[in-house]
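Peer 1: Here is my input; please provide its structure:
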Amino acid sequence: MDIQKLANATMNFDQSVVNGKINSIRSRVNELEKHVKIDLLKKAIGFIDLTTLGADDTSATVEALCAKAVNPLKSLNNSGLHTASVYVYPMRFLDAKSALDKLDKEHKISRATVGGGFPSGQFMLETRVREVEIDVELGADEIDIVINRPLVLMHQWKELYEELKAFRTACSNKCLKVILATGELKTLENVYKAAMVAMMAGADFIKTSTGKEPTNATLPVGIVMCHAIKDYYKSTQRKVGLKPAGGIRTPEEALEWMMLVQMELGQEWFTKDLFRIGASNLLDNIVETIQSN
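Peer 2: Sure, this is the predicted structure:
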């Protein structure tokens, strides 16, 4: 599908079908036996992009986060478990890189940051692109950029594509995750089309939210994004990853997203190369649940 065909297409998402899928996801999670849930939660740790994006972050904050990422279950002697990545603002990136270089000598954990005028996307394109270039120069493995939401709301799909292509070029061969900020896109059709444009422009992952919007990751938008990923894969044979982020705090919520991926995308997507969960508090809550069982 090219940009013009996508722009002219009408996408209808039956809310009753979406609700039915959500009910099925939650029902299946509730039916999981306790030991199965614990095993899945241990697996979930490996999907987490452990994040601190606070205005008050310091080197000490970042170093503590990195230590947690490298060995989240130290008291249970599960030294093989670690998060998928650590995400910080660019100003704190070298702190994270230095800490991980000491703690994670085999580079199992991705060093990651944000760019593109995060979280608003409301800066001049030149400065947003330059941010991504600087992220690459700093040594980031993965970069999350956020779309310019008004382009979606005004249905300027070609302009959105061109902006995202510029980010893809600036990102070079690093992993590019495109944040749709779905809570501000108004309709599920807009979510679908923004997801398709992001993938057409070269996104390696599509991500729900910055975590800064009033509404962040929700299962309905997750279902629609999975639908877009499947459609894109059918037409290109290129697999693009899914990253829900923002407001995912409880083990049950993590399990729901994991179940969604299994049901909508299949076991092939059940890998850190194609599925991540962006979170700051989730890891602590998962560890508490595991340790109490």
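Peer 1: Enumerate every residue touching residue 207.
Peer 2: Counting by C-beta atoms under 8 Å, 6 or more residues apart in numbering, residue 207 makes contact with 144, 177, 178, 179, 180, 242, 243, 244, 245, 278. Glycine gets a C-beta too; all of them are placed from N, C-alpha and C.
Peer 1: Out of those, which end up buried?
Peer 2: Those of these that meet the buried threshold are 144, 177, 178, 179, 180, 242, 243, 244, 245, 278, by 16 or more other C-beta atoms under 10 Å.
Peer 1: Paired strands for the helix or strand the third one falls within, with orientation please.
Peer 2: Assessed by DSSP states H and E, residue 178 sits inside strand 175-179. According to DSSP bridges, strand 175-179 has the following sheet partners: strand 142-146 (parallel), strand 205-207 (parallel).
Peer 1: contacts for the first one?
Peer 2: Right, strand 142-146. With contact meaning C-beta under 8 Å, 6+ apart, strand 142-146 is reached by 49, 85, 87, 110-121, 128, 132, 135-136, 167, 171, 174-179, 181, 207, 210, 278.
Peer 1: For ChimeraX, write the select line for the buried members of these.
Peer 2: Typed into ChimeraX, the line below selects the buried ones among the contacts of strand 142-146, using 16+ other C-beta under 10 Å:
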select :49,85,87,110,111,112,113,114,115,116,117,118,119,121,128,132,135,136,167,171,174,175,176,177,178,179,181,207,210,278
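Peer 1: quick one, phi/psi of the nearest residue to residue 278 once chain neighbours are set aside?
Peer 2: Distances taken as C-beta to C-beta, 6 or more residues apart in numbering place residue 245 nearest to residue 278, at 2.8 Å, with adjacent residues excluded. Dihedral pair for residue 245: phi -160, psi 150, per degrees, to the nearest 10.
Peer 1: same thing with residue 242?
Peer 2: Residue torsions, per degrees, to the nearest 10, at residue 242 are phi -120, psi 130.
Peer 1: which residues does it form a beta bridge with?
Peer 2: Bridge pairing for residue 242 (DSSP bridges) gives the partners residue 206, residue 275.
Peer 1: where do the helices sit along the stretch 51-200 of the chain?
Peer 2: Listed in chain order, the helices of the stretch 51-200 of the chain (DSSP state H, counting those that start in this stretch) span 59-70, 93-103, 125-138, 149-153, 157-171, 188-200.
Peer 1: With respect to burial, which of the ones you listed scores highest?
Peer 2: helix 188-200 (a mean of 24; mean count of other C-beta atoms under 10 Å).
Peer 1: Show me what that helix is packed up against.
Peer 2: Using 3 or more C-beta pairs under 8 Å, 6 or more residues apart in numbering; DSSP states H and E, the elements in contact with helix 188-200 are helix 3-8, helix 149-153, helix 157-171, strand 205-207, helix 219-236.
Peer 1: Now tabulate the ones you listed in CSV and tack on distance to residue 272 and mean pLDDT.
Peer 2: Listed next are the helices and strands packed on helix 188-200 as CSV, based on distance: least, C-beta to C-beta, whole Å; pLDDT from 0 to 100:
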stretch, distance to residue 272, mean pLDDT
helix 3-8, 29, 92
helix 149-153, 28, 98
helix 157-171, 19, 98
strand 205-207, 11, 98
helix 219-236, 16, 98
